[in-house]
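Trainee: pasting the sequence and the predicted model now:
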Amino acid sequence: MRDLFKYIKPALFKLEPEQAHKAAILALKLGVAPRGSLPNHGLNQTIFGLKFDNPIGVAAGFDKNADVPNEIIKTGFGFAEIGSVTPKPQAGNPKPRIFRIPEHMGVINRMGFNNAGHDAVLENMRTARMNKQAGQFGVNIGANKNSDDFIADYESGIEVFYNVADYFVANISSPNTPGLRALQSKDSLQQLVDRICQKRAQMQLQYGKYIPLLLKIAPDLTNEDIEDIAAIVMASELDGVIVSNTTIRRDFIAGHVHENEAGGLSGKPLFEFSTHMLAKFYQATKGQVPLIGVGGISDGASAYAKICAGASLVQLYSCLIYTGTGIIDELRQGILDGLKRDSFNSIEDAIGSQANVWAQREV
Ligand SMILES: Cc1cc2nc3c(=O)[nH]c(=O)nc-3n(C[C@H](O)[C@H](O)[C@H](O)COP(=O)(O)O)c2cc1C
């Protein structure tokens, strides 16, 4: 199925990246996007109480407005994370705000949380749930750029989407909303975590169901930051952490014409760094907190490596731009091959098996 994408790709790459993205969403809606054909045998798990047919999901930012969560699952992914969604609709930063870096299979974006806002996305999610047959839908929540109280925006996201989300992610790691990443600092994070967990508890009472709540963090953190975040997470009611969002580092693409574009770098250049941070976070949380590994997955080996570095589940976005959604077969097969090669009976046995190696690697 990746072969089909080879023919479409030159036409897509003639389009400006945001137009190409719109075309990809349309192709998914029309059911003509490349899809996988392998069964999910041997890849199912239950993580934070949710059943996943396979551990590979599409990361936030691809389907910001919940236009195609079911279609993402139909291509073969185990879960789809919609958003980030903010209370009020937001236009985002002026264009151009996304740059392809094909020489490195990378992307720089400074979208700035462009999204249709809670009301419109809730409507889309309700429709998507009515047609849902499989997979898990995450709702990734963010804060409006000019909000007076960022934390209140996250609380509002949990309240509004409680009945349509399978899990929540509080995204406090976008580099494109000024001040947002500061929520990762110890005191602010403690406040955020207290308030969002309290909001979830309140909603749990109201709806009589428990929806897992995760944090999404940046890769650009010091050892001290990691220890602080890990301690807060472990003492909290949070269910997991996503490592990582895009990086503000540029040394991975030094000399590239887009090197100095503002925003977050993702895709293959982020792989080693984000996997290193994932392993460090796995160690800091003593393997006791389910982690979703994201950043630079581009083939089966890199998907399997994330699991060995400490991820229970993995996600990708940027490399889909270069490979198309048909890559799902290669990713699933890569994980199965890795498990077999390393004589693991299940994914669970592989999780964190290489965390020591990845945590020590210089990046
Ligand atoms: C164009 C673009 C938009 C993104 N938007 C969001 C977003 O709204 N919320 C979020 O949590 N992450 C967002 N991300 C980050 C991705 O979810 C992911 O964490 C990051 O790109 C690393 O994974 P990748 O290398 O597989 O892309 C975005 C990434 C890209 C490339």
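Mentor: Yep, it's here.
Trainee: make it CA atoms for all contacts and neighbour counts henceforth
Mentor: Fine.
Trainee: check Gln184 and give its pLDDT.
Mentor: On pLDDT, Gln184 comes in at 87.
Trainee: what's the burial count for it?
Mentor: By the criterion of other C-alpha atoms under 10 Å, Gln184 has 22 neighbours.
Trainee: could you list the contact residues of the stretch 101-250 of the chain toward the ligand?
Mentor: 107, 109, 113, 171, 244-246 (C-alpha under 6 Å from any ligand atom).
Trainee: give me the subset of the residues you listed that lies in helices.
Mentor: Among these, none falls in helices (DSSP state H).
Trainee: farthest pair within the residues you listed?
Mentor: Greatest spacing in those, by C-alpha to C-alpha: Val107 and Asn171 (19.2 Å).
Trainee: rewinding a little: neighbour-wise, which of the residues of the stretch 101-250 of the chain next to the ligand leads?
Mentor: Within those, most neighbours by other C-alpha under 10 Å means Ser244, with 28 neighbours.
Trainee: list the contacts of that one.
Mentor: 216-219, 274, 277-278, 293-295 (C-alpha atoms under 8 Å, 6 or more residues apart in numbering).
Trainee: can you give me the strands for the stretch 101-250 of the chain?
Mentor: Remark: strands assigned in the stretch 101-250 of the chain by DSSP state E, counting those that start in this stretch are 106-109, 136-141, 167-171, 213-217, 240-243.
Trainee: now do the third one: everything it contacts.
Mentor: In this structure, residues lying in contact with strand 167-171 by C-alpha under 8 Å, 6+ apart are 84, 136-142, 154, 158, 211-217.
Trainee: can you redo the residues of the stretch 101-250 of the chain next to the ligand as JSON lines with distance to Ser185 and pLDDT?
Mentor: Output for those, formatted as JSON lines (distance: C-alpha to C-alpha, whole Å; pLDDT from 0 to 100):
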{"residue": "Val107", "distance to Ser185": "27", "pLDDT": "98"}
{"residue": "Asn109", "distance to Ser185": "23", "pLDDT": "98"}
{"residue": "Phe113", "distance to Ser185": "21", "pLDDT": "97"}
{"residue": "Asn171", "distance to Ser185": "14", "pLDDT": "97"}
{"residue": "Ser244", "distance to Ser185": "16", "pLDDT": "98"}
{"residue": "Asn245", "distance to Ser185": "16", "pLDDT": "98"}
{"residue": "Thr246", "distance to Ser185": "18", "pLDDT": "98"}
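Trainee: nearest to the ligand, out of the residues you listed: which one, please.
Mentor: Of all those, Asn245 has the smallest distance to the ligand: 3.6 Å, by C-alpha to the nearest ligand atom.
Trainee: what's around the residue lying closest to the closest one once chain neighbours are set aside, how many residues?
Mentor: Once flanking residues are discounted, Asn245 sits nearest to Ala218: 4.8 Å by C-alpha to C-alpha, 6 or more residues apart in numbering. Burial of Ala218, expressed as a neighbour count using other C-alpha under 10 Å, amounts to 22.
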